[in-house]
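Chemist: only geometry, no sequence info:
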């Protein structure tokens with residue numbers, strides 16, 4: 001069992017987490033059925049940390065196919081939509097997902113000043129050498145051939161529990177607390193890549209700076 005190491009408890013959590021997902025997808029079309037399935041999934045026990053996630057780990061011999069594609073063509077760039085959002089919100093995942101390299105391969109890790117490539121543009125629309133100024137996939141993390149592949153995330157489970165709490169469907173914590181857990185889990189997940197540690201203080205500050213919008217049901221649901 002290369003996903004969960006023959007741990008039947010984790011498999012039950014994964015199964016209930018899938019049931020939670022399927023139930024939540026019915027929320028707007030069959031709320032009665034949705035609530036029944038969501039409550040059953042929560043009662044059965046869903047994922048509670050990134051340690052419960054089904055993850056495909058790779059080696060130099062058994063490589064990640066996605067990174068093989070990225071390595072075959074070094075012209076991929078992160079879009080300004082993604083870069084601007086992560087940078088402006090102080091998201092510590094940005095320098096793990098991306099990196100700016102000069103022609104000699106040296107890193108420019110000053111991600112607070114990065115600018116992404118505008119959507120719809122390619123090398124033909126840019127000045128000579130300009131493409132190199134935009135962040136591309138980080139070569140030592142997501143682009144490494146040993147990078148893991150996440151088949152189902154704990155963060156998704158917490159965000160769905162946040163919605164369940166918002167709807168009054170037996171979530172164990174408040175919507176704001178589950179949202180915080182989801183954000184924390186989403187950041188912790190990327191530390192499973194090589195060379196991608198995020199210190200606890202940075203994580204705590206990021207989570208504290210990005211609480212759930214609790215202005216109204218609609219605003220909370222959109223934020224989740």
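Modeler: Ah, there it is. What you see is a predicted model, and the numbers here were worked out from it, not measured in a lab. Numbers count the residues shown, from 1 in each chain.

Chemist: And the worst-scoring helix or strand of the chain on mean pLDDT, what's buried?
Modeler: Lowest by mean pLDDT, DSSP states H and E among the helices and strands of the chain is helix 65-72, with a mean of 86. The neighbour-count check on helix 65-72 (16 or more other CB atoms under 10 Å) flags 67, 70 as buried. Yep, even glycine has a C-beta here, placed from its N, CA and C like the rest.

Chemist: contacting residues around stretch 137-153?
Modeler: Contact partners of stretch 137-153, identified using CB atoms under 8 Å, 6 or more residues apart in numbering, comprise 3, 14, 17-18, 47, 50, 53-60, 63-64, 66-68, 70-71, 76, 78, 95-99, 101, 185-186, 189-190, 192-196.

Chemist: Quick test: name the residue nearest the centre of this structure.
Modeler: Closest residue to the average C-alpha location of the chain: residue 186 at 4.7 Å, with CA atoms, centre = their mean.

Chemist: For my notes, confirm it occurs in a helix.
Modeler: Yes - counting by DSSP: H, G, I helix; E, B strand; the rest coil, residue 186 is part of a helix.

Chemist: Now it: closest residue in space that isn't a chain neighbour?
Modeler: Nearest non-adjacent residue to residue 186, counting by CB to CB, 6 or more residues apart in numbering: residue 155, 3.8 Å away.

Chemist: What is the burial count for the one you found?
Modeler: Look at residue 155: counted by other CB atoms under 10 Å, it has 20 neighbours.

Chemist: Next: residue 55.
Modeler: Counted with other CB under 10 Å, residues neighbouring residue 55 total 18.

Chemist: How about it: what's its closest non-neighbour residue?
Modeler: residue 148 (5.0 Å).

Chemist: Compute the number of surrounding residues for the one you found.
Modeler: 17.

Chemist: Would you mind measuring from residue 50 to residue 95?
Modeler: Distance, residue 50 to residue 95, by CB to CB, to the nearest Å: 20 Å.

Chemist: next one: residue 171
Modeler: For residue 171, the distance to residue 95 equals 33 Å [CB to CB].

Chemist: just residue 18 next, same as before
Modeler: Computed as CB to CB, the residue 18 to residue 95 distance reads 32 Å.

Chemist: And for residue 125?
Modeler: Counting by CB to CB, the separation of residue 125 from residue 95 is 26 Å.

Chemist: The two - which one has more neighbours?
Modeler: Taking other CB under 10 Å, residue 125 and residue 95 do not tie; residue 95 has more neighbours (22 against 11).

Chemist: Tell me who's in contact with that one.
Modeler: 109, 111, 138.

Chemist: does it sit in a helix, a strand or a coil?
Modeler: With three-state DSSP as the basis, residue 95 sits in helix.

Chemist: now swap in the one 5 residues further on and tell me
Modeler: Classification of residue 100 into helix, strand or coil gives strand, according to three-state DSSP.

Chemist: For beta bridges, what are the partners of it?
Modeler: residue 108 (DSSP bridges).

Chemist: Counting neighbours, what do you get for it?
Modeler: Quick note: residue 100 (other CB under 10 Å) scores 22 neighbours.

Chemist: which residues does it contact?
Modeler: Shown in contact with residue 100 (CB under 8 Å, 6+ apart): 107, 108, 109, 114, 132, 133, 134, 135, 136.
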